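> what shape does this take:
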Amino acid sequence: MKTPSWKELLEEIAKKASCDYKEIEKVCNEEYEKIAQELEYYCFRNADDETFEGNGKGHRHILRDYVANILDKCKEEYKEKIPLGKSDIFNEEINNQLEKIGNLSSLDKITEIQNYAVEYDGIAKKVKSYSDDLKNLREITELCKISPKAIITTNYDTLLEDIIFENRCYRRIGQESFSDCYSEDYDLSNPEGKIDLYKIHGCITKPDSIIITKEDYDNFFQKSKYLYSKILTLFWEYPVNFIGYSISDRNIRDILTVMIEIMTEEQKENFLRNIWIVDFVEHEEDECGTDKEIELSKGRKIKVSCFRLKYYLKLYEAINGVVLSQSFGDLNFTISENVIELLIEPLYQQQNKLKVVVRELLQNALDACKKKGVNAKINIKLLENKTGDWLEIKDNGIGMDLQEIKENLLTVGKSSKEGSCEGLVGKYGIGILSIFLIGEYAEIYTKKEGNALLSFKIYIQAGKKQVNWLRAEDNFLEKDDISYTVVKIRLKSGLEIKNKENYMELLGLESYITKKENTIIVNYMDKQCEIPKLKNTSEWLEQLSEKVKIYKLEYKNNDEEKLEDAEKKLKK
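So this is what the prediction gives:
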């Protein structure tokens, strides 16, 4: 967010308070708590009457209001920078500078070289800055996917609750917030899976809560014993990641000291194994993993694992992978090893296998939309890349939760459509396994409304059919889609697309018809074709072509006496 460090924040406040930061730093032996204590006095002494008397909060508010305003401004500037995905404006700006360089040839040689250097240096700086912003945005996107039990922060800003984990946090500010646990609007069971966010040093939304001076720190422990016990419990029961600073904060060191003092040697060993520290480094070449010794209170020391990183993307990816497997457990097929040979192959042996699979998956997609009660919007894609040729089908249907994946999708012979009166077509519970007819590797991404996105791969390895969790790709994290399912299959050798002109025939969709309310789009390279829809007609017969006639059977349950002769004949 480009917020200032602790020292930079104090320097900025010193300017507002019209005092000499260097002089105060020297007097206070560069101890930030003491510097802040001095600045609180200068802020009060140099404040005009309007600033001091404006809200009647007393002398403490002036320093803390400065802090809140500085950090709030950083947040607003950050929010304005977020849409980095659209790079057209940036690209145009760089192109204009390159064109400017092309017009420098009329200058004499030495001057021309100098101007070239200045222009290229400017371009390099802009590109580097834009590249860094993109990397940071990628990092933030990965962090957004994590669902931690709790976050304990000494930061005052609202980046976590307003941007990264927007609408996913129960915010607790300082000691007083714990009384919220017993208010009517707080559910102890936390059914929405929201994150407990403990802002132990206050928040800019309540400037008076901000802990920054030596006096604040001295009072913190005496007033926050319940907070300490809560944090101690969290540290004891869960793995802990210290991110972004070196645990120099005295309150955090106090909590760790108390914990170490009451532990047995075995408990201490297990506890230290569950702590990771992540330090920031300025340059990627300095990234490494190492042990780090931390000085606690009362002369104690502990040694823990430390990762020194410029970008935290790999860390967040690793956490997401662990959390996913621990949250949802292992996945397994409830099938025999030769189910394909015994059941699916004989069922479709006389048919084109690619067409069979497209039909099965398309029908599953239509059924999912029907269960959700929406008009189907289905995209079928044939893709070519360096990993092979792929078939992809995406729907806007109801999606699946963990139980449905385990009990229906991965269980042969168990269909979620059995006994349904919704007019669903698939009945045998083998649709997803039909993919093994055309591929040995597939990825599935599915999201049910109100649930997390679940992604997994099914594949054949060493002759065995397997299923494992997969990290979700960002392009499937579509916030506008409340629920959906995507199936991607890498085609077997021999089923490659090979620039087929008639790709609709290749997929068996050349004579496929859908209802007028549905939309099914087929994409291949730069070509796109929409599946024909039934016309809006009241006639009982619709002729779409010489070979295709559709008979409407809406009257099939009507009394014989009410039917016309032609309808009686057709019904018979």
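
> element containing residue 456, please.
Counting by DSSP states H and E, the element that carries residue 456 is strand 454-461.

> list the buried residues for that strand?
Neighbour-count burial for strand 454-461, counted by 16 or more other CB atoms under 10 Å, picks out 454-456, 458-459. For the C-beta atoms, the positions are set from N, CA and C on the backbone; glycine is no exception.

> excluding chain neighbours, what is closest to the residue most central in space within the chain?
Nearest to the geometric centre of the chain sits residue 145, at 3.1 Å (CA atoms, centre = their mean). Nearest residue to residue 145 in three dimensions, chain neighbours excluded: residue 320, at 5.4 Å (CB to CB, 6 or more residues apart in numbering).

> in the stretch 351-500 of the chain, where is pLDDT below threshold?
Counting by pLDDT under 70, the stretch 351-500 of the chain shows low-confidence ranges at 411-432, 471-481, 496-500.

> which residues in it form helices?
Assigned by DSSP state H, counting those that start in this stretch, the stretch 351-500 of the chain shows helices spanning 353-372, 402-404.

> relative to residue 315, which of the ones you listed is closest?
Checking the helices of the stretch 351-500 of the chain against residue 315 by CB to CB gives helix 402-404 as the closest, at 25.6 Å.

> quick one: contacts for the nearest residue to residue 383 once chain neighbours are set aside?
Nearest residue to residue 383, sequence neighbours excluded (CB to CB, 6+ apart): residue 390, at 4.2 Å. By CB atoms under 8 Å, 6 or more residues apart in numbering, the contact set of residue 390 is 381-384, 488-491.

> closest one of those residues to residue 519?
Of these, the one sitting nearest to residue 519 (CB to CB) turns out to be residue 381, at 14.6 Å.

> tell me how far the ends of stretch 549-563 are from each other?
For stretch 549-563, the separation between the terminal residues is 20 Å (CA to CA, to the nearest Å).

> actually stretch 280-289, not the one I wrote
12 Å.

> if we ignore the residues flanking it in sequence, what's nearest residue 153?
Residue 153 sits nearest to residue 199 (CB to CB, 6+ apart), 5.8 Å away.

> what is the neighbour count of that neighbour?
Number of residues near residue 199 (other CB atoms under 10 Å) recorded here: 28.

> now do it against residue 125, distance only.
Distance of residue 199 to residue 125, given as CB to CB, to the nearest Å: 36 Å.

> ok, which of the helices of the stretch 351-500 of the chain comes nearest residue 251?
Nearest of the helices of the stretch 351-500 of the chain (CB to CB): helix 402-404, 38.5 Å.

> buried set for that closest one?
Buried, per 16+ other CB under 10 Å, within helix 402-404: 402, 404.

> try stretch 263-278
Across stretch 263-278, burial judged by 16+ other CB under 10 Å covers 271-272, 275-278.

> looking at the residues you listed, spot the one nearest residue 97.
residue 278 (37.1 Å).

> nearest spatial neighbour of that closest one, skipping sequence neighbours?
residue 243 (4.6 Å).

> contacts only, for that neighbour.
278, 312, 315.

> three-state assignment of the residue nearest to residue 293 when sequence neighbours are not counted?
Nearest residue to residue 293 in three dimensions, chain neighbours excluded: residue 303, at 5.1 Å (CB to CB, 6+ apart). What DSSP: H, G, I helix; E, B strand; the rest coil gives for residue 303 is strand.

> wait, residue 303 sits on residue 296?
No: taking contacts as CB atoms under 8 Å, residue 303 lies outside contact range of residue 296: 11.4 Å.

> the residue nearest to residue 153 and residue 70, how far apart?
From residue 199 to residue 70 the distance is 17 Å (CB to CB).

> cool, and residue 226?
30 Å.

> burial measure for residue 374, as a count.
Per other CB under 10 Å, the neighbour tally for residue 374 reads 17.

> the closest residue to it other than its chain neighbours: what's it in contact with?
The spatial neighbour of residue 374 that comes closest, neighbours along the chain excluded (CB to CB, 6+ apart), is residue 396 at 6.3 Å. For residue 396, the contact set (CB under 8 Å, 6+ apart) comprises 369, 372, 374, 376-378, 481, 483-484.

> count of neighbours near residue 129?
Neighbours around residue 129, by other CB under 10 Å: 11.

> what average pLDDT does the helix or strand that contains it get?
In the assignment (DSSP H and E), residue 129 maps to helix 109-144. Across helix 109-144, the average pLDDT comes to 82.

> the helix or strand just after it pairs with which strands, parallel or anti?
Next helix or strand after helix 109-144 toward the C-terminus (DSSP H and E): strand 150-153. Strands that pair with strand 150-153, judged by DSSP bridges, come out as strand 195-199 (parallel).

> what about the helix or strand following the strand it pairs with, distance to the chain center?
Using DSSP H and E, the helix or strand that follows strand 195-199 in sequence is helix 214-223. How far helix 214-223 lies from its chain's middle: 37 Å, per CA atoms, centre = their mean, to the nearest Å.

> same for helix 214-223, what does it pack against?
helix 32-46, helix 250-262 (3 or more CB pairs under 8 Å, 6 or more residues apart in numbering; DSSP states H and E).

> and it, C-alpha only, in CSV?
Written as CSV, here are the backbone C-alpha positions of helix 214-223 (Å, rounded to 0.1, in the frame of the first residue of the first chain):
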residue,chain,number,x,y,z
LYS,A,214,5.9,4.6,25.4
GLU,A,215,3.1,5.3,27.8
ASP,A,216,0.7,3.4,25.6
TYR,A,217,3.0,0.4,25.6
ASP,A,218,3.5,0.5,29.3
ASN,A,219,-0.3,0.5,29.9
PHE,A,220,-1.0,-2.2,27.3
PHE,A,221,-0.2,-5.3,29.3
GLN,A,222,-2.0,-4.2,32.5
LYS,A,223,-5.2,-3.4,30.5
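
> in the next helix or strand after it, what counts as buried?
Later in the chain than helix 214-223, the nearest helix or strand by DSSP H and E is helix 225-237. By neighbour count on 16+ other CB under 10 Å, the buried set for helix 225-237 is 227-228, 230-231, 234-235.
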